[in-house]
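Novice: Sequence unavailable; structure follows:
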(Lines give C-alpha, C1' and ligand atoms only; values in the text may rest on other atoms or scores of the structure.)
Protein backbone atom coordinates (compact mmCIF):
# COMPACT_ATOMS: atom_id res chain seq x y z
CA UNK A 1 0.00 0.00 0.00
CA UNK A 2 1.56 3.27 -1.13
CA UNK A 3 2.14 6.28 1.09
CA UNK A 4 -0.98 8.29 2.00
CA UNK A 5 -0.87 11.73 0.41
CA UNK A 6 -1.30 15.20 1.88
CA UNK A 7 -2.03 17.02 -1.40
CA UNK A 8 -3.70 20.21 -0.14
CA UNK A 9 -5.21 21.40 -3.44
CA UNK A 10 -8.90 22.20 -2.83
CA UNK A 11 -11.70 19.99 -4.16
CA UNK A 12 -14.08 22.33 -5.89
CA UNK A 13 -16.96 20.06 -6.89
CA UNK A 14 -17.90 16.60 -8.12
CA UNK A 15 -16.41 17.38 -11.50
CA UNK A 16 -13.00 17.67 -9.86
CA UNK A 17 -13.32 14.09 -8.61
CA UNK A 18 -14.12 12.81 -12.09
CA UNK A 19 -11.39 14.89 -13.70
CA UNK A 20 -8.81 13.41 -11.34
CA UNK A 21 -9.63 9.89 -12.57
CA UNK A 22 -9.74 10.97 -16.23
CA UNK A 23 -6.29 12.49 -15.95
CA UNK A 24 -4.97 8.94 -15.83
CA UNK A 25 -5.52 8.58 -19.59
CA UNK A 26 -2.24 8.32 -21.51
CA UNK A 27 -1.09 7.17 -24.96
CA UNK A 28 -0.42 3.45 -25.35
CA UNK A 29 3.27 4.16 -25.85
CA UNK A 30 3.37 5.45 -22.27
CA UNK A 31 1.67 2.39 -20.72
CA UNK A 32 3.59 0.96 -17.79
CA UNK A 33 3.44 -2.07 -15.48
CA UNK A 34 3.45 -1.57 -11.72
CA UNK A 35 3.66 -4.72 -9.63
CA UNK A 36 3.01 -4.95 -5.89
CA UNK A 37 3.76 -8.05 -3.86
CA UNK A 38 3.46 -8.94 -0.19
CA UNK A 39 5.05 -11.72 1.83
CA UNK A 40 4.89 -12.95 5.42
CA UNK A 41 8.01 -12.33 7.51
CA UNK A 42 8.85 -15.13 9.95
CA UNK A 43 11.71 -16.29 12.15
CA UNK A 44 13.43 -19.37 10.75
CA UNK A 45 13.67 -20.67 14.31
CA UNK A 46 10.19 -21.84 15.20
CA UNK A 47 8.42 -20.23 12.20
CA UNK A 48 7.30 -17.43 14.51
CA UNK A 49 5.88 -14.06 13.39
CA UNK A 50 8.19 -11.05 13.42
CA UNK A 51 7.24 -8.11 15.68
CA UNK A 52 7.63 -4.44 14.76
CA UNK A 53 10.01 -3.51 17.59
CA UNK A 54 13.34 -5.03 18.57
CA UNK A 55 16.81 -5.81 17.22
CA UNK A 56 15.34 -8.51 14.93
CA UNK A 57 12.09 -6.98 13.75
CA UNK A 58 10.10 -5.33 10.98
CA UNK A 59 11.52 -1.95 11.97
CA UNK A 60 15.05 -3.41 11.73
CA UNK A 61 14.27 -4.67 8.23
CA UNK A 62 13.05 -1.23 7.21
CA UNK A 63 16.09 0.48 8.70
CA UNK A 64 18.41 -1.99 6.99
CA UNK A 65 16.71 -1.51 3.63
CA UNK A 66 16.88 2.27 4.08
CA UNK A 67 20.64 2.11 4.64
CA UNK A 68 21.14 -0.31 1.76
CA UNK A 69 18.98 1.51 -0.81
CA UNK A 70 19.19 5.11 0.35
CA UNK A 71 15.42 5.46 0.15
CA UNK A 72 13.57 8.02 2.25
CA UNK A 73 11.82 6.80 5.42
CA UNK A 74 8.06 7.24 5.71
CA UNK A 75 7.13 8.14 9.28
CA UNK A 76 3.91 7.82 11.26
CA UNK A 77 4.07 9.41 14.73
CA UNK A 78 7.80 8.80 14.83
CA UNK A 79 7.70 5.19 13.61
CA UNK A 80 9.25 4.16 10.31
CA UNK A 81 6.36 2.48 8.48
CA UNK A 82 7.76 2.44 4.96
CA UNK A 83 10.36 3.70 2.50
CA UNK A 84 10.04 5.72 -0.70
CA UNK A 85 12.62 5.72 -3.48
CA UNK A 86 14.28 9.09 -3.94
CA UNK A 87 13.21 9.26 -7.60
CA UNK A 88 9.57 8.40 -6.90
CA UNK A 89 9.84 5.08 -8.68
CA UNK A 90 8.85 2.67 -5.95
CA UNK A 91 8.04 2.20 -2.28
CA UNK A 92 8.25 -0.33 0.52
CA UNK A 93 5.43 -0.54 3.02
CA UNK A 94 4.14 -2.79 5.77
CA UNK A 95 0.68 -4.25 6.03
CA UNK A 96 -1.18 -4.45 9.37
CA UNK A 97 0.28 -7.79 10.49
CA UNK A 98 3.81 -7.03 9.34
CA UNK A 99 3.42 -8.33 5.80
CA UNK A 100 6.29 -6.78 3.86
CA UNK A 101 5.36 -5.15 0.54
CA UNK A 102 7.15 -3.74 -2.46
CA UNK A 103 5.15 -1.33 -4.59
CA UNK A 104 7.23 -1.48 -7.72
CA UNK A 105 8.18 1.20 -10.19
CA UNK A 106 6.13 1.76 -13.37
CA UNK A 107 8.15 -0.33 -15.83
CA UNK A 108 7.98 -0.90 -19.58
CA UNK A 109 8.03 -4.68 -19.79
CA UNK A 110 7.82 -7.86 -17.76
CA UNK A 111 11.54 -8.58 -18.01
CA UNK A 112 12.15 -5.38 -16.04
CA UNK A 113 9.34 -6.27 -13.63
CA UNK A 114 10.77 -9.68 -12.86
CA UNK A 115 14.28 -8.30 -12.40
CA UNK A 116 12.90 -5.68 -10.03
CA UNK A 117 11.14 -8.22 -7.82
CA UNK A 118 14.20 -10.50 -7.78
CA UNK A 119 16.53 -7.62 -6.86
CA UNK A 120 14.16 -6.51 -4.10
CA UNK A 121 14.20 -10.00 -2.61
CA UNK A 122 18.00 -10.20 -2.87
CA UNK A 123 18.37 -6.91 -0.98
CA UNK A 124 15.75 -7.91 1.59
CA UNK A 125 17.25 -11.34 2.20
CA UNK A 126 20.68 -9.79 2.72
CA UNK A 127 19.23 -7.72 5.57
CA UNK A 128 16.94 -10.44 6.91
CA UNK A 129 19.28 -13.45 6.97
CA UNK A 130 21.58 -12.19 9.76
CA UNK A 131 18.44 -11.47 11.79
CA UNK A 132 17.15 -15.01 11.33
CA UNK A 133 14.19 -13.73 9.30
CA UNK A 134 12.80 -15.28 6.13
CA UNK A 135 9.73 -14.73 3.95
CA UNK A 136 6.80 -16.96 3.03
CA UNK A 137 4.98 -16.71 -0.29
CA UNK A 138 1.37 -17.68 0.38
CA UNK A 139 -2.04 -16.05 0.30
CA UNK A 140 -2.95 -16.66 3.93
CA UNK A 141 -1.14 -16.94 7.23
CA UNK A 142 -1.03 -20.74 7.68
CA UNK A 143 -0.44 -21.02 11.43
CA UNK A 144 -0.72 -17.85 13.49
CA UNK A 145 -3.94 -16.85 15.21
CA UNK A 146 -5.04 -13.21 15.15
CA UNK A 147 -3.88 -12.77 18.74
CA UNK A 148 -0.44 -14.16 17.80
CA UNK A 149 -0.05 -11.81 14.85
CA UNK A 150 1.91 -8.57 15.46
CA UNK A 151 0.26 -5.20 14.91
CA UNK A 152 2.12 -2.49 13.10
CA UNK A 153 2.14 1.07 14.54
CA UNK A 154 0.34 2.73 11.65
CA UNK A 155 -2.50 5.16 12.30
CA UNK A 156 -4.45 4.16 9.22
CA UNK A 157 -4.53 0.57 10.44
CA UNK A 158 -5.66 1.54 13.93
CA UNK A 159 -8.74 3.18 12.41
CA UNK A 160 -9.41 0.19 10.15
CA UNK A 161 -8.98 -2.27 13.02
CA UNK A 162 -11.70 -0.51 15.02
CA UNK A 163 -14.00 -0.21 12.00
CA UNK A 164 -13.73 -3.60 10.29
CA UNK A 165 -15.71 -5.67 12.84
CA UNK A 166 -18.66 -3.31 12.32
CA UNK A 167 -19.02 -4.09 8.61
CA UNK A 168 -18.05 -7.75 8.11
CA UNK A 169 -16.91 -10.95 9.77
CA UNK A 170 -13.50 -11.31 8.14
CA UNK A 171 -12.08 -7.81 7.89
CA UNK A 172 -9.43 -8.36 10.52
CA UNK A 173 -8.35 -11.59 8.84
CA UNK A 174 -8.00 -9.64 5.59
CA UNK A 175 -5.82 -7.05 7.28
CA UNK A 176 -3.62 -9.24 9.44
CA UNK A 177 -3.55 -12.67 7.82
CA UNK A 178 -3.52 -12.31 4.02
CA UNK A 179 -0.98 -11.48 1.31
CA UNK A 180 -1.48 -10.66 -2.35
CA UNK A 181 0.25 -9.99 -5.64
CA UNK A 182 -1.23 -7.09 -7.60
CA UNK A 183 -0.52 -5.43 -10.93
CA UNK A 184 -1.41 -1.87 -11.87
CA UNK A 185 -2.09 -1.13 -15.54
CA UNK A 186 -2.89 1.93 -17.64
CA UNK A 187 -5.65 3.00 -20.02
CA UNK A 188 -5.69 5.43 -22.94
CA UNK A 189 -9.24 6.78 -22.77
CA UNK A 190 -12.54 6.35 -20.96
CA UNK A 191 -13.60 3.75 -23.53
CA UNK A 192 -10.32 1.87 -23.08
CA UNK A 193 -10.72 2.02 -19.31
CA UNK A 194 -14.27 0.69 -19.63
CA UNK A 195 -13.26 -2.30 -21.76
CA UNK A 196 -10.30 -3.18 -19.56
CA UNK A 197 -12.33 -2.75 -16.38
CA UNK A 198 -15.13 -4.97 -17.68
CA UNK A 199 -12.83 -7.72 -18.94
CA UNK A 200 -10.72 -7.77 -15.78
CA UNK A 201 -13.71 -7.57 -13.42
CA UNK A 202 -15.23 -10.60 -15.12
CA UNK A 203 -11.96 -12.53 -15.09
CA UNK A 204 -10.91 -11.68 -11.54
CA UNK A 205 -12.49 -14.88 -10.11
CA UNK A 206 -10.41 -16.84 -12.62
CA UNK A 207 -7.28 -15.07 -11.34
CA UNK A 208 -8.28 -16.06 -7.79
CA UNK A 209 -8.54 -19.67 -8.94
CA UNK A 210 -5.24 -19.62 -10.86
CA UNK A 211 -3.33 -18.14 -7.93
CA UNK A 212 -5.10 -20.00 -5.10
CA UNK A 213 -2.47 -20.53 -2.41
CA UNK A 214 -4.09 -20.32 1.04
CA UNK A 215 -5.52 -23.72 2.02
CA UNK A 216 -4.42 -23.62 5.69
CA UNK A 217 -5.55 -21.70 8.75
CA UNK A 218 -4.13 -22.07 12.26
CA UNK A 219 -2.18 -25.17 11.32
CA UNK A 220 -4.94 -27.15 9.59
CA UNK A 221 -6.60 -27.40 6.18
CA UNK A 222 -9.44 -24.89 6.12
CA UNK A 223 -11.55 -26.59 3.43
CA UNK A 224 -10.65 -23.90 0.89
CA UNK A 225 -8.13 -23.43 -1.89
CA UNK A 226 -8.08 -19.64 -1.49
CA UNK A 227 -8.91 -18.66 2.06
CA UNK A 228 -7.95 -15.13 1.05
CA UNK A 229 -10.58 -15.21 -1.72
CA UNK A 230 -13.20 -16.33 0.78
CA UNK A 231 -12.22 -13.61 3.23
CA UNK A 232 -12.99 -10.96 0.63
CA UNK A 233 -16.56 -12.29 0.40
CA UNK A 234 -17.30 -10.87 3.87
CA UNK A 235 -14.88 -8.07 4.69
CA UNK A 236 -16.77 -4.84 3.92
CA UNK A 237 -19.09 -5.52 1.04
CA UNK A 238 -20.10 -1.87 0.63
CA UNK A 239 -16.59 -1.07 -0.59
CA UNK A 240 -15.39 -4.45 -1.87
CA UNK A 241 -16.13 -7.19 -4.36
CA UNK A 242 -17.92 -7.13 -7.68
CA UNK A 243 -19.35 -3.82 -8.96
CA UNK A 244 -22.39 -4.57 -11.15
CA UNK A 245 -22.57 -1.05 -12.61
CA UNK A 246 -19.19 -1.63 -14.28
CA UNK A 247 -20.92 -4.04 -16.67
CA UNK A 248 -22.96 -1.21 -18.25
CA UNK A 249 -22.24 -0.23 -21.85
CA UNK A 250 -22.02 3.39 -20.71
CA UNK A 251 -19.84 2.90 -17.63
CA UNK A 252 -17.35 5.71 -17.14
CA UNK A 253 -15.29 7.72 -14.70
CA UNK A 254 -18.31 9.56 -13.33
CA UNK A 255 -20.07 6.30 -12.45
CA UNK A 256 -17.11 5.13 -10.39
CA UNK A 257 -16.89 8.51 -8.66
CA UNK A 258 -20.64 8.42 -7.89
CA UNK A 259 -20.18 5.05 -6.21
CA UNK A 260 -17.05 6.12 -4.34
CA UNK A 261 -18.50 9.28 -2.80
CA UNK A 262 -21.23 7.29 -1.03
CA UNK A 263 -18.77 4.93 0.68
CA UNK A 264 -17.82 5.72 4.31
CA UNK A 265 -14.40 7.27 4.70
CA UNK A 266 -11.64 5.95 6.92
CA UNK A 267 -9.73 9.13 7.72
CA UNK A 268 -8.41 12.54 6.77
CA UNK A 269 -4.84 13.63 7.45
CA UNK A 270 -4.22 17.07 8.90
CA UNK A 271 -0.76 18.23 9.97
CA UNK A 272 0.50 14.67 9.92
CA UNK A 273 -2.28 13.34 12.15
CA UNK A 274 -4.96 10.83 11.10
CA UNK A 275 -8.53 11.71 12.09
CA UNK A 276 -11.15 8.95 12.17
CA UNK A 277 -13.91 9.76 9.67
CA UNK A 278 -15.71 6.42 9.50
CA UNK A 279 -18.96 8.17 10.47
CA UNK A 280 -19.03 10.09 7.17
CA UNK A 281 -19.35 9.23 3.51
CA UNK A 282 -17.19 11.25 1.16
CA UNK A 283 -20.29 12.99 -0.13
CA UNK A 284 -21.17 14.11 3.40
CA UNK A 285 -17.58 15.23 3.87
CA UNK A 286 -17.81 17.37 0.71
CA UNK A 287 -21.06 18.87 2.03
CA UNK A 288 -19.25 20.13 5.14
CA UNK A 289 -19.52 17.09 7.38
CA UNK A 290 -16.37 17.98 9.32
CA UNK A 291 -17.12 21.68 9.68
CA UNK A 292 -16.73 22.59 13.32
CA UNK A 293 -14.83 19.37 14.06
CA UNK A 294 -11.55 20.34 12.41
CA UNK A 295 -10.20 23.84 11.71
CA UNK A 296 -9.17 22.81 8.18
CA UNK A 297 -12.29 20.79 7.40
CA UNK A 298 -12.44 21.62 3.69
CA UNK A 299 -11.92 18.62 1.38
CA UNK A 300 -8.70 18.42 -0.63
CA UNK A 301 -7.45 16.46 -3.60
CA UNK A 302 -5.31 14.48 -1.16
CA UNK A 303 -8.45 13.42 0.72
CA UNK A 304 -9.95 12.07 -2.52
CA UNK A 305 -6.75 10.22 -3.44
CA UNK A 306 -6.60 8.64 0.01
CA UNK A 307 -10.28 7.73 -0.08
CA UNK A 308 -9.84 5.97 -3.42
CA UNK A 309 -7.10 3.87 -1.81
CA UNK A 310 -9.54 2.65 0.86
CA UNK A 311 -11.97 1.14 -1.65
CA UNK A 312 -11.50 -2.57 -2.29
CA UNK A 313 -13.39 -3.77 -5.38
CA UNK A 314 -11.94 -6.72 -7.27
CA UNK A 315 -10.61 -4.19 -9.79
CA UNK A 316 -9.86 -0.76 -8.34
CA UNK A 317 -9.88 2.40 -10.42
CA UNK A 318 -7.48 5.22 -9.65
CA UNK A 319 -5.47 6.88 -12.40
CA UNK A 320 -4.79 3.30 -13.43
CA UNK A 321 -6.45 -0.08 -12.88
CA UNK A 322 -5.45 -2.40 -10.05
CA UNK A 323 -5.94 -6.17 -10.44
CA UNK A 324 -6.70 -7.38 -6.91
CA UNK A 325 -7.80 -11.02 -7.11
CA UNK A 326 -4.62 -13.07 -6.56
CA UNK A 327 -3.11 -14.80 -3.56
CA UNK A 328 0.58 -14.19 -2.97
CA UNK A 329 3.08 -16.91 -3.76
CA UNK A 330 6.78 -17.63 -4.34
CA UNK A 331 8.90 -15.49 -6.65
CA UNK A 332 7.90 -17.04 -9.98
CA UNK A 333 4.25 -16.26 -9.17
CA UNK A 334 5.21 -12.62 -8.64
CA UNK A 335 6.25 -12.56 -12.31
CA UNK A 336 3.34 -14.69 -13.55
CA UNK A 337 0.52 -12.48 -12.23
CA UNK A 338 1.47 -9.34 -14.21
CA UNK A 339 2.26 -11.53 -17.22
CA UNK A 340 -1.28 -12.94 -17.18
CA UNK A 341 -2.91 -9.49 -17.13
CA UNK A 342 -0.47 -7.69 -19.42
CA UNK A 343 -1.05 -10.37 -22.05
CA UNK A 344 -4.80 -9.86 -21.85
CA UNK A 345 -4.98 -6.06 -21.57
CA UNK A 346 -1.93 -4.52 -23.28
CA UNK A 347 -2.36 -5.92 -26.80
CA UNK A 348 -5.29 -4.82 -28.96
CA UNK A 349 -5.88 -8.23 -30.54
CA UNK A 350 -5.80 -10.03 -27.22
CA UNK A 351 -7.99 -7.45 -25.48
CA UNK A 352 -10.58 -7.75 -28.25
CA UNK A 353 -10.49 -11.54 -27.95
CA UNK A 354 -10.85 -11.40 -24.17
CA UNK A 355 -13.73 -8.97 -24.51
CA UNK A 356 -15.49 -11.20 -27.03
CA UNK A 357 -14.91 -14.29 -24.87
CA UNK A 358 -16.55 -12.65 -21.84
CA UNK A 359 -19.05 -10.31 -23.54
CA UNK A 360 -22.15 -12.29 -22.55
CA UNK A 361 -21.02 -13.17 -19.01
CA UNK A 362 -23.66 -11.83 -16.65
CA UNK A 363 -23.24 -10.23 -13.25
CA UNK A 364 -25.00 -13.22 -11.68
CA UNK A 365 -22.66 -15.70 -13.38
CA UNK A 366 -19.54 -13.82 -12.34
CA UNK A 367 -20.82 -13.43 -8.78
CA UNK A 368 -21.58 -17.14 -8.62
CA UNK A 369 -18.11 -17.97 -9.88
CA UNK A 370 -16.56 -15.54 -7.40
CA UNK A 371 -18.37 -17.40 -4.62
CA UNK A 372 -17.27 -20.83 -5.89
CA UNK A 373 -13.56 -20.42 -6.57
CA UNK A 374 -12.35 -19.97 -2.97
CA UNK A 375 -13.40 -23.55 -2.21
CA UNK A 376 -12.93 -25.20 -5.60
CA UNK A 377 -10.44 -23.08 -7.58
CA UNK A 378 -10.04 -24.59 -11.06
CA UNK A 379 -12.41 -27.43 -10.15
CA UNK A 380 -15.28 -24.94 -9.91
CA UNK A 381 -17.99 -25.30 -12.53
CA UNK A 382 -18.67 -22.45 -14.95
CA UNK A 383 -21.38 -22.66 -17.58
CA UNK A 384 -21.67 -26.40 -17.17
CA UNK A 385 -18.01 -27.32 -17.48
CA UNK A 386 -14.88 -27.16 -15.30
CA UNK A 387 -13.36 -23.72 -14.91
CA UNK A 388 -10.07 -25.34 -15.89
CA UNK A 389 -11.28 -25.44 -19.50
CA UNK A 390 -12.13 -21.74 -19.47
CA UNK A 391 -8.76 -21.03 -17.86
CA UNK A 392 -6.94 -22.73 -20.72
CA UNK A 393 -8.85 -20.65 -23.27
CA UNK A 394 -8.16 -17.37 -21.49
CA UNK A 395 -4.51 -18.29 -21.01
CA UNK A 396 -4.21 -18.84 -24.76
CA UNK A 397 -5.39 -15.26 -25.26
CA UNK A 398 -2.89 -13.95 -22.70
CA UNK A 399 -0.13 -15.89 -24.43
CA UNK A 400 -1.17 -14.38 -27.76
CA UNK A 401 -1.00 -10.88 -26.30
CA UNK A 402 2.49 -11.40 -24.92
CA UNK A 403 3.64 -12.85 -28.23
CA UNK A 404 2.26 -9.83 -30.09
CA UNK A 405 4.01 -7.43 -27.71
CA UNK A 406 7.33 -9.03 -28.78
CA UNK A 407 9.31 -7.65 -25.84
CA UNK A 408 12.53 -9.67 -25.86
CA UNK A 409 15.22 -10.17 -23.26
CA UNK A 410 18.94 -10.54 -23.96
CA UNK A 411 18.37 -14.20 -24.87
CA UNK A 412 15.67 -13.27 -27.42
CA UNK A 413 12.91 -14.75 -25.27
CA UNK A 414 9.63 -12.86 -25.10
CA UNK A 415 7.38 -12.29 -22.11
CA UNK A 416 5.52 -15.58 -22.53
CA UNK A 417 8.30 -17.15 -20.46
CA UNK A 418 6.72 -15.69 -17.32
CA UNK A 419 3.53 -17.70 -17.82
CA UNK A 420 5.47 -20.95 -17.29
CA UNK A 421 4.21 -21.58 -13.71
CA UNK A 422 0.61 -21.19 -14.90
CA UNK A 423 1.20 -23.32 -18.01
CA UNK A 424 2.53 -26.12 -15.82
CA UNK A 425 -0.40 -25.80 -13.46
CA UNK A 426 -2.98 -25.92 -16.24
CA UNK A 427 -1.30 -28.93 -17.79
CA UNK A 428 -1.54 -30.80 -14.47
CA UNK A 429 -4.92 -29.31 -13.49
CA UNK A 430 -3.58 -28.51 -10.01
CA UNK A 431 -3.17 -25.13 -8.32
CA UNK A 432 -0.50 -24.22 -5.79
CA UNK A 433 -3.10 -24.87 -3.08
CA UNK A 434 -3.67 -28.38 -4.47
CA UNK A 435 0.09 -28.99 -4.33
CA UNK A 436 0.26 -27.75 -0.76
CA UNK A 437 -2.59 -30.00 0.32
CA UNK A 438 -1.06 -33.02 -1.41
CA UNK A 439 2.18 -32.40 0.46
CA UNK A 440 0.31 -31.95 3.75
CA UNK A 441 -1.41 -35.32 3.34
CA UNK A 442 1.78 -36.93 2.01
CA UNK A 443 5.41 -36.11 2.75
CA UNK A 444 4.63 -33.42 5.34
CA UNK A 445 2.87 -36.04 7.49
CA UNK A 446 -0.09 -33.87 8.46
CA UNK A 447 1.77 -30.74 9.57
CA UNK A 448 1.96 -27.38 7.82
CA UNK A 449 5.37 -26.44 9.25
CA UNK A 450 7.29 -27.55 6.10
CA UNK A 451 5.33 -24.88 4.18
CA UNK A 452 7.69 -22.29 5.66
CA UNK A 453 10.64 -24.18 4.18
CA UNK A 454 9.21 -25.10 0.79
CA UNK A 455 7.36 -21.91 -0.19
CA UNK A 456 9.77 -19.15 0.70
CA UNK A 457 10.04 -16.11 -1.54
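Specialist: All right, it came through fine. Just so it is clear, the structure is predicted and the values come from calculations on it, not from any experiment.

Novice: Buried ones in the longest helix along the chain, by neighbour count?
Specialist: When the chain is parsed with DSSP state H, its longest helix is helix 190-210. Buried residues in helix 190-210, counting neighbours by 16 or more other Cβ atoms under 10 Å, are found at 190, 192-210. No exception for glycine: its C-beta is placed from N, CA and C like everyone else's.

Novice: can you list the weak-confidence ranges in the chain?
Specialist: Residues of the chain that meet the criterion pLDDT under 70 lie in 1-3.

Novice: Quick check: nearest residue in space to the most centrally placed residue in it, chain neighbours excluded?
Specialist: Most central in the chain under Cα atoms, centre = their mean is residue 182, positioned 3.9 Å from the mean C-alpha point. Spatial nearest neighbour of residue 182, excluding adjacent residues (Cβ to Cβ, 6 or more residues apart in numbering): residue 36 at 4.4 Å.

Novice: Next up, the contacts around the one you found.
Specialist: Contact analysis of residue 36 by Cβ atoms under 8 Å, 6 or more residues apart in numbering lists 101, 102, 103, 104, 180, 181, 182, 183, 184.

Novice: how about the residue nearest to the centre of the chain, secondary structure?
Specialist: Secondary structure, DSSP: H, G, I helix; E, B strand; the rest coil: residue 182 is strand.

Novice: distance of residue 126 from residue 69?
Specialist: Distance of residue 126 to residue 69, computed by Cβ to Cβ, to the nearest Å: 11 Å.

Novice: Comparing those two, which shows the higher neighbour count?
Specialist: residue 69 (16 against 12; other Cβ atoms under 10 Å).

Novice: wait, doesn't that one sit right on residue 123?
Specialist: Yes - the pair residue 69 and residue 123 passes the contact test of Cβ atoms under 8 Å, sitting 6.7 Å apart.

Novice: partner strands of the helix or strand residue 81 falls within, parallel or antiparallel?
Specialist: Under the criterion of DSSP states H and E, residue 81 resides in strand 79-84. With DSSP bridges as the test, strand 79-84 is paired with strand 72-76 (antiparallel), strand 91-94 (antiparallel).

Novice: what about the closest residue to residue 346 other than its chain neighbours, how many neighbours?
Specialist: Excluding the flanking residues, the one nearest residue 346 by Cβ to Cβ, 6+ apart is residue 31, at 6.1 Å. By other Cβ under 10 Å, the residues close to residue 31 number 17.

Novice: now swap in the one 4 residues further on and tell me
Specialist: Close neighbours of residue 35, defined as other Cβ under 10 Å, add up to 29.

Novice: Could I get the contacting residues of it?
Specialist: Contacts of residue 35 (Cβ under 8 Å, 6+ apart): 104, 107, 113, 116, 117, 181, 182, 183, 184, 334, 337, 338.

Novice: separation between the second one and residue 396?
Specialist: When you say that, I think you mean residue 107. Relative to residue 396, and taking Cβ to Cβ, residue 107 is found at 25 Å.

Novice: which of those two has more neighbours?
Specialist: residue 107 (19 against 15).

Novice: How about residues contacting the host helix or strand of residue 15?
Specialist: Element membership for residue 15 (DSSP H and E) is helix 14-22. Helix 14-22 is contacted from outside by 11, 190, 253-254, 256-257, 260-261, 286, 301, 304-305, 317-319, using Cβ under 8 Å, 6+ apart.

Novice: Now do the buried residues in that helix.
Specialist: 16, 17, 18, 20, 21, 22.

Novice: same question, stretch 138-158
Specialist: Neighbour count says stretch 138-158 has 138-144, 149-158 buried, by 16+ other Cβ under 10 Å.

Novice: now what about stretch 281-301, what contacts it?
Specialist: Applying Cβ under 8 Å, 6+ apart, the contact partners of stretch 281-301 are 7-11, 14, 16, 20, 260-265, 268, 270, 275, 277, 280, 303-304, 307.

Novice: Keep only those of the residues you listed that are in strands.
Specialist: Using DSSP state E, 268, 270, 275 are the members of those that sit in strands.

Novice: Return the member of those residues nearest to residue 54.
Specialist: For the ones in strands among the contacts of stretch 281-301, the closest approach to residue 54 (Cβ to Cβ) belongs to residue 275, at 30.1 Å.

Novice: residues near residue 344, how many?
Specialist: By other Cβ under 10 Å, neighbour count at residue 344 equals 29.

Novice: So that it lines up with my notes, have the first residue be 31 from now on.
Specialist: In the new numbering, first residue 31, that becomes residue 374.

Novice: Just list the residues touching it, thanks.
Specialist: Residue 374 neighbours (Cβ under 8 Å, 6+ apart): 229, 230, 233, 380, 381, 384, 424, 427, 428, 431.

Novice: what residue of the chain is the furthest out?
Specialist: The chain, Cα atoms, centre = their mean, max distance from centroid: residue 322 (36.5 Å).

Novice: In TSV: the contacts of residue 66, plus distance to residue 161.
Specialist: Rendered in TSV, the data for the contacts of residue 66 read as follows (distance: Cβ to Cβ, whole Å):
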residue	distance to residue 161
131	18
132	18
133	23
134	24
210	25
211	24
212	27
213	30
214	31
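
Novice: which element is residue 81 on?
Specialist: Going by DSSP H and E, residue 81 is not in any helix or strand.

Novice: residues contacting the closest residue to residue 392 other than its chain neighbours?
Specialist: Nearest residue to residue 392, sequence neighbours excluded (Cβ to Cβ, 6+ apart): residue 277, at 8.0 Å. Contacts for residue 277 (Cβ under 8 Å, 6+ apart) come out as 228, 231, 392, 393.

Novice: wait, which of the residues you listed is closest to residue 466?
Specialist: Looking across those and measuring by Cβ to Cβ, the closest to residue 466 is residue 231, at 28.0 Å.

Novice: quick one: the closest one from residue 354, how far?
Specialist: 10 Å.

Novice: joint contacts of those two?
Specialist: 343, 344, 345.

Novice: Export those residues to TSV and append columns for neighbour count.
Specialist: Putting the shared contacts of residue 231 and residue 354 into TSV (neighbours: other Cβ atoms under 10 Å) gives the following:
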residue	neighbour count
343	21
344	25
345	22
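
Novice: okay if I get those as a markdown table plus distance to residue 203?
Specialist: Shown next, in a markdown table, are those (distance: Cβ to Cβ, whole Å):
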| residue | distance to residue 203 |
| --- | --- |
| 343 | 19 |
| 344 | 18 |
| 345 | 22 |
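
Novice: Would you mind confirming that residue 113 is in contact with residue 124?
Specialist: No - applying Cβ under 8 Å as the test, residue 113 and residue 124 come out as separate, 10.0 Å apart.

Novice: And those two? Which one has more around it.
Specialist: Taking neighbours as other Cβ under 10 Å, residue 113 and residue 124 compare with residue 124 leading, 28 against 23.
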